[in-house]
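Undergrad: I need the structure of the sequence given here:
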Amino acid sequence: MGTQQLSSIAAREGEDPKVSSQQAQNRKDIDAGALFVLKSKGSWLHCGYHLTTSIVAPALLSLPYAFTFLGWTAGVICLIIGAVVTFYSYNLISLVLEHHSQLGHRHLRFRDMARDILGPRWGRYFVGPIQFTVCYGAVVGCTLLGGVCMKALYLLSNPGGTMKLYEFVIIFGCFMLILAQIPSFHSLRHINMVSLILALSYSACASAGSIYIGESSKGPEKDYSIKSDTESRVFGIFNAIAIIATTYGNGIIPEIQATIAPPVTGKMFKGLCVCYTVVTVTFFSVSFSGYWAFGNEAAGLILSNFVDNGKALVPKWFIFMTNIFTIAQLSAVSVVYLQPTNEVLEKTFADAQSAQFSTRNVIPRVISRSLSIVVSTTIAAMLPFFGDLNSLIGAFGFIPLDFILPVIFYNLTFKPCRRSPVFWLNTTIALVFSIVGIIAAVASVRQIVLDAKTFRLFANV
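TA: Numbering: from 1, shown residues only. Modelled structure (predicted):
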């Protein structure tokens, strides 16, 4: 069941023992995915931890690379627009969720919102599949990046090593097999608190390392010109926009708000304030320091610029520490984006009438979640060029989910006057980012075609 009466939420959490008969009836109407995975027990601070982990991820280390297509002025403008629009959009989603909750129908999933606001087909055939693809794609991308970071550490300590990238991806995947068994989204609150600290740590290291190299004679000569011909520049701009949109992307705001204990009013906004404080510190510091230090030589992952032809430009211990922070946070990000998949699996295979940790539910949970990780790890090992595909996923997924649908949901729910500034602001955002999403998707496809000649399954890149 997609929506719930407020009393059924209270029944889930055992908040009101006086209505036990009503609880029993409502419990029958709740599916196992909502009951076991999306537990509503958290505070606004826990919400802030979840939001921070889902947005402030190691993908931010690619922001200096996005600047190489945009230059200083356009890069800073796009970074600011991304922050302002996503904060605004996520707050709009929260307001819509709070509105429906006050009416007695609390949405716990993105597809539930789409079903009730846009119609059942939108939830089932558009929002649901897109969200699943985006989130599972993030799990694959994090697994691949975890393998890349582990391989970088291996080669730094053993330059002549023969281990392949896919072997490190498998090692990271084995670690994820354990984390995937954490029962609910709410159970991740302490892990995501540590994740927030890790994000601040590796961002500080990336910024400090960039400044150190930029101030020394070890780095490349600073060149901020945008290379390539006019056509490549145009497509490069939209590729960069897709990178920035993906970096700011979330796609699971309803699921995160579902972890908050009722009443939910105002709590999501506080969580967003916590998250965007960290976003401002990390995104802007890494972008500015990385692009300042390396200019148009900034790599797709800024940590790659810390090593030049096998020679470390900063102390090796510093690279080890930064990569370890990054790998640790990647595991937290992966398990957060695994939650929508876990919820679907739990809804399909678990029995809401049995205890969460009963044999009836534990065995299917372990098997289904383990298979999910095996599949994501296999994809990451097979497709080491997944970064190109992730840009396409970002254009098709994160832009609609995070930039377009929130303003549409708000306009359809609250029906602001057509002459009001809010209506026209929301309409403008939806139109502009629809166009940007289409062009960014085309640019991503073009990049995939250009890189196709280097694609090879299980390539050791």
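Undergrad: this structure - how does it break down into domains?
TA: What the record gives for the chain is the domain set 1-30, 43-454, from automatic domain parsing.
Undergrad: the first one - what's its average pLDDT?
TA: Mean pLDDT, domain 1-30: 42.
Undergrad: please apply the same query to the last one.
TA: Across domain 43-454, the average pLDDT comes to 91.
Undergrad: okay, how far is it across that domain, tip to tip?
TA: One end of domain 43-454 to the other measures 47 Å (C-alpha to C-alpha, to the nearest Å).
Undergrad: mind listing the helices for the stretch 101-250 of the chain?
TA: 110-117, 120-122, 128-157, 165-179, 189-215, 230-248 (DSSP state H, counting those that start in this stretch).
Undergrad: what sits up against whichever strand or helix holds Y410?
TA: Using DSSP states H and E, Y410 sits within helix 405-414. Applying C-beta atoms under 8 Å, 6 or more residues apart in numbering, the external contacts of helix 405-414 come out as 89-90, 92-93, 95-96, 99-100, 113-114, 117-118, 127, 253, 416, 423, 425-427, 429-430. No exception for glycine: its C-beta is placed from N, CA and C like everyone else's.
Undergrad: now which of the residues you listed would you call buried?
TA: 89-90, 92-93, 95-96, 100, 113-114, 117-118, 127, 253, 416, 423, 426, 429-430 (16 or more other C-beta atoms under 10 Å).
Undergrad: which non-adjacent residue is nearest S101?
TA: V264 (5.7 Å; C-beta to C-beta, 6 or more residues apart in numbering).
Undergrad: got a list of what the one you found touches?
TA: L97, E98, S101, R106, Q257.
Undergrad: do the same with Q339
TA: Counting by C-beta under 8 Å, 6+ apart, Q339 has contacts V37, L38, C135, F185, L188, I252, E255.
Undergrad: now the third one: how far from S54?
TA: Going from C135 to S54 by C-beta to C-beta, to the nearest Å gives 10 Å.
Undergrad: so which of the contacts of helix 405-414 sit within helices?
TA: Judged by DSSP state H, helices contain the following of the contacts of helix 405-414: 89-90, 92-93, 95-96, 99-100, 113-114, 117, 253, 423, 425-427, 429-430.
Undergrad: I'd assumed F269 was in contact with G48.
TA: No: checked against C-beta atoms under 8 Å, the pair G48 and F269 is beyond contact range at 10.4 Å.
Undergrad: so which of these two has more stuff around it?
TA: Set G48 next to F269 and count neighbours by other C-beta atoms under 10 Å: G48 wins out with 27 against 16.
Undergrad: and the one helix or strand that one maps to, what does it pack against?
TA: G48 is part of helix 44-55 when elements are defined by DSSP H and E. Helices and strands touching helix 44-55, by 3 or more C-beta pairs under 8 Å, 6 or more residues apart in numbering; DSSP states H and E, are helix 189-215, helix 253-257, helix 267-294, helix 316-337.
Undergrad: OK, contacts around the closest residue to C205 other than its chain neighbours?
TA: The shortest distance from C205 to any non-neighbouring residue, by C-beta to C-beta, 6+ apart, is to T322 (4.0 Å). T322 makes contact with Y202, C205, A206, G209, L303, F306, according to C-beta under 8 Å, 6+ apart.
Undergrad: now the helix holding G48 against helix 189-215, angle please.
TA: Using axes from the mean of the first three to the mean of the last three C-alpha atoms, to 10 degrees, the direction of helix 44-55 lies 50 degrees away from that of helix 189-215.
Undergrad: what's next to helix 44-55, contact-wise?
TA: Under C-beta under 8 Å, 6+ apart, the answer for helix 44-55 is 42, 86, 90, 185-186, 188-189, 192-193, 195-196, 199, 248-250, 252, 256-257, 259-260, 266-268, 270-275, 278-279, 329, 332-333, 336-337.
Undergrad: try 7 Å this time
TA: 189, 192-193, 195-196, 199, 248, 250, 252, 256, 259-260, 267-268, 270-272, 274-275, 278-279, 332-333, 336 (C-beta atoms under 7 Å, 6 or more residues apart in numbering).
Undergrad: in PyMOL, how would I select just the buried ones from those?
TA: Buried residues among the contacts of helix 44-55 (16+ other C-beta under 10 Å), as a PyMOL selection:
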select buried, resi 189+192+193+195+196+199+248+250+252+256+259+260+267+268+271+272+274+275+278+279+332+333+336
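Undergrad: list the contacts of the residue lying closest to Y49 once chain neighbours are set aside.
TA: Spatial nearest neighbour of Y49, excluding adjacent residues (C-beta to C-beta, 6+ apart): N192 at 3.8 Å. By C-beta under 7 Å, 6+ apart, N192 lies in contact with Y49, H50, T53, A332, V336.
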